[in-house]
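Student: have a look at this fold, sequence not included:
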Ligand SMILES: Cc1cc2nc3c(=O)[nH]c(=O)nc-3n(C[C@H](O)[C@H](O)[C@H](O)COP(=O)(O)O)c2cc1C
């Protein structure tokens with residue numbers, strides 16, 4: 001429900017909301033600009049009487065003194081029969097210059113308030129403000145659901161691409177946008193009489209005054225006791241008319257002052273209602289609160305990006321089979337929980353949802369993070385999940401295990417887990433296996449044992465569907481064929497070969513991506529544009545000739561390096577690694593980028609410990625190359641023989657010299673020392689422990705055997721700190737890219 005409430009009004013209103021936001025950003029700057037040029041005396045320094053006295057000395061025909069919420073003081077006067085307005089210094093009454101409100105700001109304000117369309121435009125602006133309130137509230141519920149709870153919103157989101165950008169920006173801007181939308185809605189609603197306005201705050205015009213000789217304005221008691229910083233407006237009496245009065249409006253109230261006595265003849269304090277309304281206007285405009293204006297402006301700045309990423313997320317969900325006719329958790333007799341990072345599992349889940357609905361089931365689908373506390377009517381629970389990292393949960397399931405602890409299951413609830421993974425990874429579908437065990441331990445009965453789909457195989461998915469149809473007796477036939485990824489043309493421009501003498505042939509291959517037409521096709525087709533934003537640590541999928549199963553290689557470069565670099569070890573009989581090793585400069589291949597945002601150094605200045613062996617150095621070298629901020633970064637790397645397979649040797653030397661790399665420890669197994677990378681970590685145990693104590697993040701890349709040895713050593717190093725790798729992993733401080 002929240003998604004519909006969020007998306008459809010948002011789609012309809014997006015162009016107008018973007019216009020409102022951009023004009024809002026421009027207007028938000030205005031209070032800060034005004035404030036920066038205004039002279040604001042400290043409180044208690046200047047009274048309105050002093051200001052008025054110095055003004056009349058310079059402007060004998062002054063008619064009005066006005067103080068804007070930002071503190072600028074304007075004198076309106078008539079000279080030679082012509083009206084004029086000057087900005088004056090409130091401390092001296094001296095002229096600063098003519099007051100010339102910006103025509104651009106006025107035009108932008110009209111555009112913001114009414115789209116330059118008078119009354120109809122104002123109604124539209126009001127409706128848009130209300131839509132924005134709806135979007136903020138529905139968005140907040142969706143964010144909380146995605147985060148796995150309201151409090152967990154503070155922790156931020158996992159995942160990648162548009163969805164992550166949308167959620168993170170929304171988290172940052174939510175309060176500012178809600179404030180602008182609520183105050184804007186209120187202002188429109190009072191203007192059109194939908195909400196009552198507080199009673200008029202004007203005192204009645206005095207019927208009688210003393211009619212005596214006017215006092216000098218500087219000696220009037222009512223003005224002497226008013227601080228200039230509380231002034232709104234002082235209107236002078238008509239010249240030569242002793243029966244006319246001064247009209248004074250301040251933050252605290254408004255009144256009329258007798259010229260002869262200098263005392264109020266009428267006065268009315270500002271009512272609470274008026275003060276509230278005034279605050280609402282200030283909270284919307286930032287007038288008098290320039291810092292708030294800038295914060296609201298920053299929040300508004302996110303609206304165009306939120307609109308574009310929101311539409312792209314919706315489109316990609318639709319394309320990957322977003323769920324139609326989703327029943328509520330309370331009504332559903334069948335629940336499908338989805339664990340996905342790259343969204344492809346959603347397509348399979350969408351097909352299952354559609355088939356089960358067609359077979360008469362009342363189906364609820366949701367992310368695994370959105371596991372409800374109970375599904376009171378459900379008898380079937382399906383969990384479809386991918387696996388990431390090294391056997392870890394994908395983004396939409398990162399909090400599932402915590403939430404499962406609170407789950408109340410009814411006795412007749414049966415479950416089945418279908419894992420999506422890739423047998424190239426050492427821990428094939430490990431997260432799905434863990435979920436299966438966790439559900440069984442939580443007391444749920446298995447409908448059937450867990451099954452697994454390798455590399456999004458449509459055949460394996462539909463076989464699972466046939467078994468499911470048999471077990472449940474439901475008439476379902478599953479078929480889903482995910483769209484092939486957008487391919488990138490790559491030309492090999494350079495290669496460096498190592499390790500042949502030590503039976504570890506490894507090549508660093510550098511490709512130039514073809515930035516031609518595909519890029520635009522990808523954009524129009526709403527796919528993430530890999531040429532624009534791939535990072536070291538992401539993967540490239542390459543199919544060797546005559547084989548449609550991709551093999552993945554970690555990227556050693558980022559798109560802004562201008563080249564796509566991989567470090568590939570040729571495996572005995574390896575079809576794809578053999579193919580890549582056979583390439584000569586000028587030859588071309590095709591591949592697709594698989595983002596891997598989970599395997600990157602976190603932003604910030606904490607130390608980073610990079611650990612790798614063999615070709616695992618690829619992404620680590622890419623991270624070091626990107627360390628322009630010179631944060632402490634240490635590399636532990638293991639090879640066989642420094643004369644043969646010392647990968648990236650010259651680059652590492654230059655990174656050490658320019659301090660992108662703080663320290664380097666290498667281990668070579670086929671030398672007299674015969675050492676492995678874990679031995680170097682052991683030797684440096686104290687330093688490593690100290691860095692982890694200081695908040696260091698550890699990133700490990702390489703073969704699964706090496707990763708296991710490193711885990712054992714690091715766990716030992718951590719013992720005195722009373723923590724372990726599992727805890728570091730939970731904090732995102734121990735990351736592995738293992739094959
Ligand atoms: C960085 C990365 C790590 C992965 N790790 C594993 C893994 O440890 N085990 C596994 O079986 N599959 C792994 N996979 C494969 C994905 O689980 C598989 O492609 C899945 O179909 C993706 O589904 P999704 O697009 O819904 O997230 C990994 C994929 C990537 C890109």
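Tutor: Arrived safely, thanks for sending. Bear in mind the structure is a predicted one, so any value in this text is a computation, not a measurement.
Student: next, count neighbours for residue 547.
Tutor: Burial of residue 547 is recorded as 12 neighbouring residues (other C-beta atoms under 10 Å). For every residue, glycine as well, the C-beta is placed using N, CA and C.
Student: spatially nearest residue to it (excluding sequence neighbours)?
Tutor: Using C-beta to C-beta, 6 or more residues apart in numbering and skipping the chain neighbours, the partner closest in space to residue 547 is residue 575 (6.1 Å).
Student: name the next helix or strand downstream of the helix of greatest length in the chain, please.
Tutor: Secondary structure assigned by DSSP state H gives helix 2-37 as the longest helix of the chain. Once the chain leaves helix 2-37, the next helix or strand it forms, by DSSP states H and E, is helix 48-58.
Student: other residues contacting that next one?
Tutor: With C-beta atoms under 8 Å, 6 or more residues apart in numbering as the test, helix 48-58 has contacts from 62, 65, 73, 75, 88, 90, 92-95, 216-220, 223-224, 226-228, 231, 234, 236, 248.
Student: hmm, the helix or strand where residue 365 lies in reach of the ligand?
Tutor: Applying DSSP H and E as the criterion places residue 365 in strand 363-367. No: Strand 363-367 lies out of reach of the ligand by C-beta under 6 Å from any ligand atom, never closer than 11.1 Å.
Student: what comes up buried for the longest helix of the chain?
Tutor: Neighbour counts over helix 2-37 (16 or more other C-beta atoms under 10 Å) mark 3, 5-7, 9-10, 13-14, 17-28, 30-32, 34-35 as buried.
Student: and what of stretch 543-552?
Tutor: For stretch 543-552, burial by neighbour count (16+ other C-beta under 10 Å) applies to 543, 544, 550, 551, 552.
Student: how long is that stretch end to end?
Tutor: Length of stretch 543-552, first residue to last, C-alpha to C-alpha, to the nearest Å: 9 Å.
Student: near the ligand, which residues of the stretch 251-400 of the chain show up?
Tutor: So far as C-beta under 6 Å from any ligand atom goes, the stretch 251-400 of the chain lies against the ligand at 340-345, 386-391, 394.
Student: need the max-distance pair from those.
Tutor: Largest separation among those by C-beta to C-beta: 343 and 390, giving 21.0 Å.
Student: and the contacts of helix 48-58, which of them are in strands?
Tutor: Among those, the members found in strands (DSSP state E) are 62, 65, 73, 75, 88, 95, 231, 234, 248.
Student: follow-up on the earlier one: looking at residue 343 and residue 390, which one has more neighbours?
Tutor: With neighbours defined as other C-beta under 10 Å, residue 343 and residue 390 compare such that residue 343 has more, 24 against 20.
Student: need the pLDDT of that one.
Tutor: Listed pLDDT for residue 343 reads 86.
Student: got it, and the one 5 residues further on?
Tutor: What the model reports as pLDDT for residue 348 is 96.
Student: which parts of the stretch 101-250 of the chain are strands?
Tutor: 231-235, 245-250 (DSSP state E, counting those that start in this stretch).
Student: now the ones you listed in TSV, with distance to the ligand, mean pLDDT and mean neighbour count?
Tutor: As requested, the strands of the stretch 101-250 of the chain are exported to TSV (distance: least, C-beta to the nearest ligand atom, whole Å; pLDDT from 0 to 100; neighbours: other C-beta atoms under 10 Å):
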stretch	distance to the ligand	mean pLDDT	mean neighbour count
strand 231-235	59	95	20
strand 245-250	62	94	21
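Student: I'd like these as TSV, with distance to residue 211 appended.
Tutor: Output for the strands of the stretch 101-250 of the chain, formatted as TSV (distance: least, C-beta to C-beta, whole Å):
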stretch	distance to residue 211
strand 231-235	19
strand 245-250	11
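Student: identify whichever of the ones you listed lies nearest to residue 476.
Tutor: Comparing the strands of the stretch 101-250 of the chain under C-beta to C-beta, the one sitting nearest is strand 231-235, at 71.3 Å.
Student: nearest residue to the residue of the chain found nearest the ligand other than its sequence neighbours?
Tutor: Using C-beta to the nearest ligand atom, the closest approach of the chain to the ligand is made by residue 421 at 2.2 Å. Once flanking residues are discounted, residue 421 sits nearest to residue 429: 3.8 Å by C-beta to C-beta, 6+ apart.
Student: up against the ligand, what does the protein have?
Tutor: For the chain, the contact set with the ligand under C-beta under 6 Å from any ligand atom comprises 340-345, 386-391, 394, 420-422, 425, 427-430, 456, 539, 594, 596.
Student: which members of these are positioned in helices?
Tutor: Mapping these onto helices (DSSP H) picks out 344, 345, 430.
Student: please convert the residues you listed to CSV, extending it with neighbour count.
Tutor: Shown next, in CSV, are those (neighbours: other C-beta atoms under 10 Å):
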residue, neighbour count
344, 18
345, 26
430, 19
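Student: tell me the secondary structure at residue 644.
Tutor: coil (DSSP: H, G, I helix; E, B strand; the rest coil).
Student: what about residue 382, helix or strand, and which?
Tutor: Counting by DSSP H and E, residue 382 is part of strand 380-386.
Student: what's in contact with that strand?
Tutor: If you take C-beta under 8 Å, 6+ apart as the criterion, strand 380-386 is touched by 333-342, 344-345, 348-349, 352, 361, 368, 375, 393-394, 397, 413-421, 431-432, 435-436, 439, 444, 447, 472.
Student: do stretch 466-483 as well
Tutor: Applying C-beta under 8 Å, 6+ apart, the external contacts of stretch 466-483 come out as 319-321, 344, 347-348, 350-352, 355-356, 358-359, 361, 380, 416, 447-448, 451, 456, 458, 461-462, 464-465.
Student: go again with 6 Å.
Tutor: By C-beta atoms under 6 Å, 6 or more residues apart in numbering, the residues outside stretch 466-483 that reach it are 344, 347, 348, 351, 355, 359, 448, 456, 458, 461, 462, 465.
Student: report the buried residues of it.
Tutor: Those would be 468, 469, 472, 474, 476, 478, 480, 482, for stretch 466-483 by 16+ other C-beta under 10 Å.
Student: ok so the fourth one is a strand residue?
Tutor: No: secondary structure of residue 474 (three-state DSSP): coil, not part of a strand.
Student: break this protein into its domains for me.
Tutor: According to automatic domain parsing, the chain comprises the domains 2-35+105-198+286-315, 40-90+200-270, 320-472, 488-594, 608-738.
Student: now the terminal residues of the shortest one, how far apart.
Tutor: The distance separating the two terminal residues of domain 488-594, taken as C-alpha to C-alpha, comes to 12 Å.
Student: fine, thanks again, bye for now.
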